[in-house]
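J.: sequence-free structure coming up:
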């Protein structure tokens, strides 16, 4: 793992990490944003200085281990096609740059809403003739994080169009709907109370720009849907499946809402 | 005697929460009457125990009140700053007013972020393990009310 990691730690990547760091600092200085105005603050702004430094240093960010693993998977042939990701997509640094910042997205051929994880699995089944990865499995997390890493510092740019509008509205309704035994909506905490103290923690704006992220509570890398399941659990609400239509729609709404926030995968989160 | 009866009632209602197959089953809530912004009478005529109430507010699986409120309790760092501080709450509110705010604060403020602790109806997508159960039992509500009523400093 450490040799592979060394390969990933290139001058290019650490330069953009630094850029992303300053970008975040600028957003925070501008203060909390409203929809349509300044981008929302990234969850990074609520980390301690030392955790922020750890996140932006590729040598100390624990999530970089998955990036290295993803880089290996990218190059490795798989499935009946004998093709690797690189066979078709070449250098990820070129072909995948900005891709993660534009997801979730409706797949034109089927009208299905896909996040990055689902898009990777579609490629595996339809192009590589390989089995889809299980959601939250290490290879899927690693490849998702590796592809997202190619958008480091790129502003999230997910637009609503005719194809995605119904998904967006569904996600928005979920965000504003009270749920669970504790009868709380996402918005009550992550909009109205964002920035306030919940015991030792600061409530974030619910921006998914760092996922898959290394969460200290998990001591591992996890997907945005894993984080959403934690939130559902927190308000004692039903936890939907990984990759479920409910969380996919919510992911789309969150991405549209996070317009302009730079991608920070793999972020460190509490 | 009253305490004994209350304890017995509590034991019975707790037992009713878990069916033989381990599935949570619906618990009938005890009726209560709202007068203005208060529920003047104790739920089921139960008497609360302030010491137990303090344990319930601290327990993260029960009240978990410190996540949002600051209490005059030492040795508890990182208390929440979402809801109003609880210091002196007994000077500001009567027991009945505290009781309704515990049962279901949304009856007073529809936009509140405070969870309803004694309500099972009109909630969406409740996790199966909590379905049909209030967040706190009637006895636990009365215990917390009793504790909060001591915060008059």
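T.: Nice, I can see it. Predicted model, so just to flag it, every value in this text is computed and none were measured. Numbering: from 1, shown residues only, chains lettered A, B, ... in the order given.
J.: Can you tell me the closest non-neighbouring residue to residue 96?
T.: Chain wasn't specified; assuming chain A. Among residues not flanking residue A:96 along the chain, residue A:150 sits closest, at 3.9 Å (Cβ to Cβ, 6 or more residues apart in numbering or on different chains). From N, CA and C alone the C-beta is placed, and that goes for glycine too.
J.: ah, I was thinking of chain B
T.: Among residues not flanking residue B:96 along the chain, residue B:38 sits closest, at 3.3 Å (Cβ to Cβ, 6+ apart).
J.: need the contact list for the one you found.
T.: B:94, B:96-97, B:99-100 (Cβ atoms under 8 Å, 6 or more residues apart in numbering or on different chains).
J.: Give me the buried subset of those residues.
T.: In the contacts of residue B:38, burial by neighbour count holds for B:96-97, B:99-100, counting by 16 or more other Cβ atoms under 10 Å in any protein chain shown.
J.: Helix or strand: which one has the nearest residue to residue A:158 once chain neighbours are set aside?
T.: Nearest in space to residue A:158, with sequence neighbours left out and distances taken as Cβ to Cβ, 6+ apart, is residue A:255 at 4.1 Å. Applying DSSP states H and E as the criterion places residue A:255 in helix A:245-257.
J.: buried ones in that helix?
T.: So for helix A:245-257, counting by 16+ other Cβ under 10 Å, buried means A:246-257.
J.: Next up, the contacts around the residue nearest to residue A:158.
T.: By Cβ under 8 Å, 6+ apart, residue A:255 lies in contact with A:103-104, A:156, A:158, A:208.
J.: Filter the residues you listed down to the buried ones, ChimeraX style.
T.: A single ChimeraX command selects the buried members of those (16+ other Cβ under 10 Å):
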select /A:103,104,156,158,208
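J.: Let me have the contacts of residue A:255 in a markdown table, adding pLDDT and secondary structure as columns.
T.: As requested, the contacts of residue A:255 are exported to a markdown table (pLDDT from 0 to 100; DSSP: H, G, I helix; E, B strand; the rest coil):
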| residue | pLDDT | secondary structure |
| --- | --- | --- |
| A:103 | 98 | coil |
| A:104 | 98 | coil |
| A:156 | 98 | coil |
| A:158 | 97 | coil |
| A:208 | 97 | coil |
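J.: Can you pull the residues of chain B lying near chain A?
T.: Residues of chain B lying near chain A by Cβ under 8 Å from any Cβ of the partner chain: B:66-68, B:77-82, B:106, B:113, B:115-116, B:119, B:123-128, B:130, B:133, B:135.
J.: For the stretch 51-200 of chain A, which segments count as strands?
T.: In the stretch 51-200 of chain A, the segments counted as strands under DSSP state E, counting those that start in this stretch are A:105-107, A:112-114, A:197-198.
J.: elements contacting the first one?
T.: Pointing back at strand A:105-107 there. Using 3 or more Cβ pairs under 8 Å, 6 or more residues apart in numbering or on different chains; DSSP states H and E as the contact test, the elements touching strand A:105-107 are strand A:112-114, helix A:116-123.
J.: Looking at the longest one now, give me its mean pLDDT.
T.: Mean pLDDT, computed over helix A:116-123, is 98.
J.: Quick one: list the elements packing against that helix.
T.: If contacts are counted by 3+ Cβ pairs under 8 Å, 6+ apart, helix A:116-123 sits against strand A:105-107, helix A:138-149.
J.: what do you get if the cut-off is 10 Å, keeping everything else the same?
T.: When contacts are defined as 3 or more Cβ pairs under 10 Å, 6 or more residues apart in numbering or on different chains; DSSP states H and E, helix A:116-123 sits against helix A:85-89, strand A:105-107, strand A:112-114, helix A:138-149, helix A:224-234, helix A:245-257.
J.: Isn't the residue nearest to residue A:96 up against residue A:143?
T.: No. Judged on Cβ atoms under 10 Å, residue A:150 makes no contact with residue A:143 at a distance of 11.4 Å.
J.: shared neighbours of the two, anything?
T.: Counting by Cβ atoms under 10 Å, 6 or more residues apart in numbering or on different chains, the shared contacts of residue A:150 and residue A:143 are A:67, A:70, A:74, A:92.
J.: among these, which are in helices?
T.: Counting by DSSP state H, these place A:67, A:70, A:74, A:92 in helices.
J.: Who are the contact partners of residue 85?
T.: Just so you know, I chose chain A. Residue A:85 sits next to A:70, A:73-78, A:92, A:95-96, A:120, A:123-124, A:127-128, A:143, A:146-147 when contact means Cβ under 10 Å, 6+ apart.
J.: not quite, I wanted chain B
T.: Counting by Cβ under 10 Å, 6+ apart, the residues that residue B:85 touches are B:69-72, B:79, B:151.
J.: picking up where we left off before, wait, what's in contact with the residue nearest to residue A:96?
T.: By Cβ under 10 Å, 6+ apart, residue A:150 lies in contact with A:13, A:16, A:67, A:70, A:74, A:91-101, A:263, A:265.
J.: Of those, grab the buried ones for ChimeraX.
T.: ChimeraX command restricting the contacts of residue A:150 to the buried ones, with burial defined by 16+ other Cβ under 10 Å:
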select /A:13,16,67,70,74,92,96,99,100,101,263,265
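J.: circling back to that earlier point, looking at the helices and strands packed on strand A:105-107, which is buried most?
T.: Most buried of the helices and strands packed on strand A:105-107, by mean neighbour count (mean count of other Cβ atoms under 10 Å in any protein chain shown): helix A:116-123, with a mean of 21.
J.: ok and that one relative to helix A:245-257, angle-wise?
T.: Inter-element angle recorded for helix A:116-123 and helix A:245-257: 120 degrees (by axes from the mean of the first three to the mean of the last three Cα atoms, to 10 degrees).
J.: how about residue A:217, what does it touch?
T.: Residue A:217 touches A:201, A:227, A:230, A:269-270, counting by Cβ under 10 Å, 6+ apart.
J.: let's see 7 Å
T.: residue A:270 (Cβ atoms under 7 Å, 6 or more residues apart in numbering or on different chains).
J.: what secondary structure does it sit in?
T.: coil (DSSP: H, G, I helix; E, B strand; the rest coil).
J.: Against residue A:41, how distant is residue A:50?
T.: For residue A:50, the distance to residue A:41 (Cβ to Cβ, to the nearest Å) stands at 19 Å.
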